[in-house]
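> Sequence first, predicted coordinates after that:
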Amino acid sequence: MSDHHLQLELEQEQQQQQQPLLTRSEDEGDLDGCLQQLDLYFLLLGFNQSSYIRFGISWVTFLMIGVVLPVVVLLMITNCLKCDLYQVQGFELLVVSSHASLAASALLCLSHNLRKYGIRKFLFVDQYHGHVQRFSNHYLQKISESKRALLLWFLPCLILKLVREVIRMMYIQHESWWQSCGILVTLTFSWSYVTIIFLSSCLVFHLVCNLQIIHFDDYGNLLERETDVLVFIEEHARLCHHLSKISHRFRIYILLVFILVTSSQFATLFQITEFRDKVTFINGGDFAVSSIAQVVGIILCLNAAAKISHRAQGIASLASRWHAFASCGPDDASQMRFSNRNASFEAAHALLRSVSTESDMEAMNYIPFPTNAQLTSYLASYHRRQAFLMYLQNNPGGITLYGWTVDRGLINTIFFIELSLVLFVFGRTTVFTTTN
């Protein structure tokens, strides 16, 4: 009977141990499925260039759809009624070249990182194997938010592009309506292809930063659970190491995006200034639509970098509050008073006992002065917390671009520069007057 009871207890323990494993496998299975869908999406856009065949197909598809197709269509529609008035080839080719440059930089940088690290290491979802199971739901939520953000930002730009192309088709009369519709569909499809590539690359960087925000939020909760300062330092060093990796992988891409977008805006200003007498929304509206898409992409990148830098720098304030509570809390004060009172009682008791038992007063020289072990431990703990706080203040962390931390001050400067350029483009292109 005892052996039977032992077998039943062993079976119950095995079942209890298997149940959390099943839940872990389900969570990891959902995360694996989501990452496989994301990998398939990257493959369709041409980011997954893990083999020579995929590399060739990706770049040939990009050159054909993003460059050759719109250029050929724009060069073929010169023989139409009022083309000189409602269409300027220089405007159209500038928009095509700027969008193609941004999409090419996105393909180049993102495909290199995916080919080198793989999707799991690239997103930092398998760097901490013991905690992937705990963070899997948060990972899924952030990936879903990135997908919704892509639709939220791309659809308004697509609607504006369609409205502009329809208005231009109404004014420019081709040989037939079928030809006009074909030109509209071709130009819109090419523009949508390169815009999705550019916005997707920006949202990938946004997703990587948001996934790291999960770990920084968990680090803030760690200050409430743990008391070992060495654990805090090791965890913070690991998080800062991940941020340095992200900065190293994306710094060239972020600089390219900023340079290309700013150069495109200045080139647009030069073109508008040259043709200032004939610029209308019909022939220059593509500048406004393209400027919106480009500025949205750079704002997504800078916002994600500034957000994760703000979270990393905010750890120091949390640690300061934790250090203040630990140093000035009522528990520590009462503990100190209690320890000092015990030490004084013990010293007085030892002194009276020595005087009452010894007649020779020289015997008191051999009694060691009583030490306060609790006071020593308390001071050591205080100095460890103070050293940890100084470490955080001197190592704030964050996304950096060759030593420059991407924080809110930098993003405000870049945002107002780009906003001033875009508003000037809007003011010069949103003109609906036509010349007879």
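That came in fine, so what should we check first?
> Low-confidence ranges, the stretch 201-350 of the chain, go.
In the predicted model of the stretch 201-350 of the chain, residues 276-277, 281, 329-350 satisfy pLDDT under 70.
> now the helices for it?
In the stretch 201-350 of the chain, the helices defined using DSSP state H, counting those that start in this stretch lie at 229-274, 281-328, 330-357.
> To Gln37, which of those helices lies closest?
Of all the helices of the stretch 201-350 of the chain, it is helix 281-328 that lies closest to Gln37, at 20.9 Å by C-beta to C-beta. For the C-beta atoms, the positions are set from N, CA and C on the backbone; glycine is no exception.
> burial measure for the residue lying closest to Ile57 once chain neighbours are set aside, as a count.
Nearest non-adjacent residue to Ile57, counting by C-beta to C-beta, 6 or more residues apart in numbering: Gly46, 7.5 Å away. Counted with other C-beta atoms under 10 Å, the neighbours of Gly46 add up to 24.
> what does Ser50 give?
Using other C-beta under 10 Å, Ser50 has 14 neighbouring residues.
> Confirm that it lies within a strand, as I assumed.
No - counting by DSSP: H, G, I helix; E, B strand; the rest coil, Ser50 falls outside a strand, being coil.
> okay, it: pLDDT?
On the pLDDT scale, Ser50 is placed at 86.
> measure it to Lys116 for me?
According to C-beta to C-beta, to the nearest Å, Ser50 and Lys116 sit 10 Å apart.
> Ok, Ser101 next?
Counting by C-beta to C-beta - Ser101 and Lys116 are separated by 23 Å.
> Over to Phe250?
13 Å.
> So these two - more neighbours on which side?
Phe250 (24 against 11).
> Tell me which residues touch the closest residue to the more buried one other than its chain neighbours, please.
Once flanking residues are discounted, Phe250 sits nearest to Phe205: 5.4 Å by C-beta to C-beta, 6+ apart. Phe205 is in contact with 250, 253-254, 300-301, 304-305, counting by C-beta atoms under 8 Å, 6 or more residues apart in numbering.
> at 7 Å instead, please
250, 301, 304 (C-beta atoms under 7 Å, 6 or more residues apart in numbering).
> One more: Trp322?
Leu223.
> Going along the chain, name the strands of this structure.
Taking DSSP state E as the criterion, the chain contains strands spanning 400-401, 404-405.
> pLDDT weak spots in the stretch 51-200 of the chain?
78-88, 126-132, 173-175.
> go again using 90 as the cut-off
Counting by pLDDT under 90, the stretch 51-200 of the chain has low-confidence residues at 51, 71-96, 98, 117-121, 123-139, 160-161, 163-184, 187.
> check contacts around the nearest residue to Leu150 once chain neighbours are set aside.
Closest residue in space to Leu150, ignoring its immediate chain neighbours: Leu203 at 5.5 Å, by C-beta to C-beta, 6+ apart. Residues in contact with Leu203 (C-beta under 7 Å, 6+ apart) are 146, 149-150, 300.
> Quick one: those residues as JSON lines, columns for neighbour count and distance to Ser420 too.
Formatted as JSON lines, the contacts of Leu203 follow (neighbours: other C-beta atoms under 10 Å; distance: C-beta to C-beta, whole Å):
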{"residue": "Ser146", "neighbour count": "19", "distance to Ser420": "29"}
{"residue": "Ala149", "neighbour count": "17", "distance to Ser420": "25"}
{"residue": "Leu150", "neighbour count": "18", "distance to Ser420": "27"}
{"residue": "Leu300", "neighbour count": "23", "distance to Ser420": "19"}
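> Generate CSV for the residues you listed, with distance to Thr227 as supplementary columns.
Formatted as CSV, those follow (distance: C-beta to C-beta, whole Å):
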residue, distance to Thr227
Ser146, 36
Ala149, 39
Leu150, 43
Leu300, 39
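> Can you tell me which of those is closest to Ser58?
The nearest member of the contacts of Leu203 to Ser58, counting by C-beta to C-beta, is Leu150 at 19.4 Å.
> shouldn't that closest one be in contact with Leu199?
Yes - assessed by C-beta atoms under 7 Å, Leu150 is found in contact with Leu199 at 6.2 Å.
> so how far is stretch 219-226 from its chain's centroid?
Remark: stretch 219-226 is offset 23 Å from the chain centroid, using C-alpha atoms, centre = their mean, to the nearest Å.
> Next, the buried residues of it.
219, 223 (16 or more other C-beta atoms under 10 Å).
> how about the CA coordinates for it, as PDB?
Backbone C-alpha positions of stretch 219-226 (Å, rounded to 0.1, in the frame of the first residue of the first chain) are rendered in PDB as follows:
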ATOM      1  CA  TYR A 219      13.900  46.200 -14.700                       C
ATOM      2  CA  GLY A 220      11.900  48.900 -12.900                       C
ATOM      3  CA  ASN A 221       9.800  46.100 -11.200                       C
ATOM      4  CA  LEU A 222      13.100  44.300 -10.400                       C
ATOM      5  CA  LEU A 223      14.000  47.100  -8.000                       C
ATOM      6  CA  GLU A 224      10.900  46.300  -6.000                       C
ATOM      7  CA  ARG A 225      11.600  42.500  -5.900                       C
ATOM      8  CA  GLU A 226      15.300  42.200  -5.300                       C
END
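> outside of that stretch, which residues touch it?
232, 235-236, 239, 315, 318-319, 322.
> Columns distance to Trp178 on top of those, output as TSV?
Compiled in TSV, the contacts of stretch 219-226 are given as follows (distance: C-beta to C-beta, whole Å):
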residue	distance to Trp178
Phe232	68
Glu235	64
His236	64
Leu239	58
Ile315	62
Leu318	64
Ala319	68
Trp322	70
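> Counting neighbours, which of these end up buried?
Using 16+ other C-beta under 10 Å, the buried members of the contacts of stretch 219-226 are 232, 235-236, 239, 315, 318-319, 322.
> Pick the one among the residues you listed closest to Leu419.
Nearest member of these to Leu419, counting by C-beta to C-beta, is Ile315, at 30.9 Å.
> Can you name the residues that contact Ala324?
Here Ala324 is in contact with no residues (criterion: C-beta under 7 Å, 6+ apart).
> Which pair of the contacts of stretch 219-226 spans the longest distance?
Across these (C-beta to C-beta), the longest gap, 16.6 Å, separates Leu239 and Trp322.
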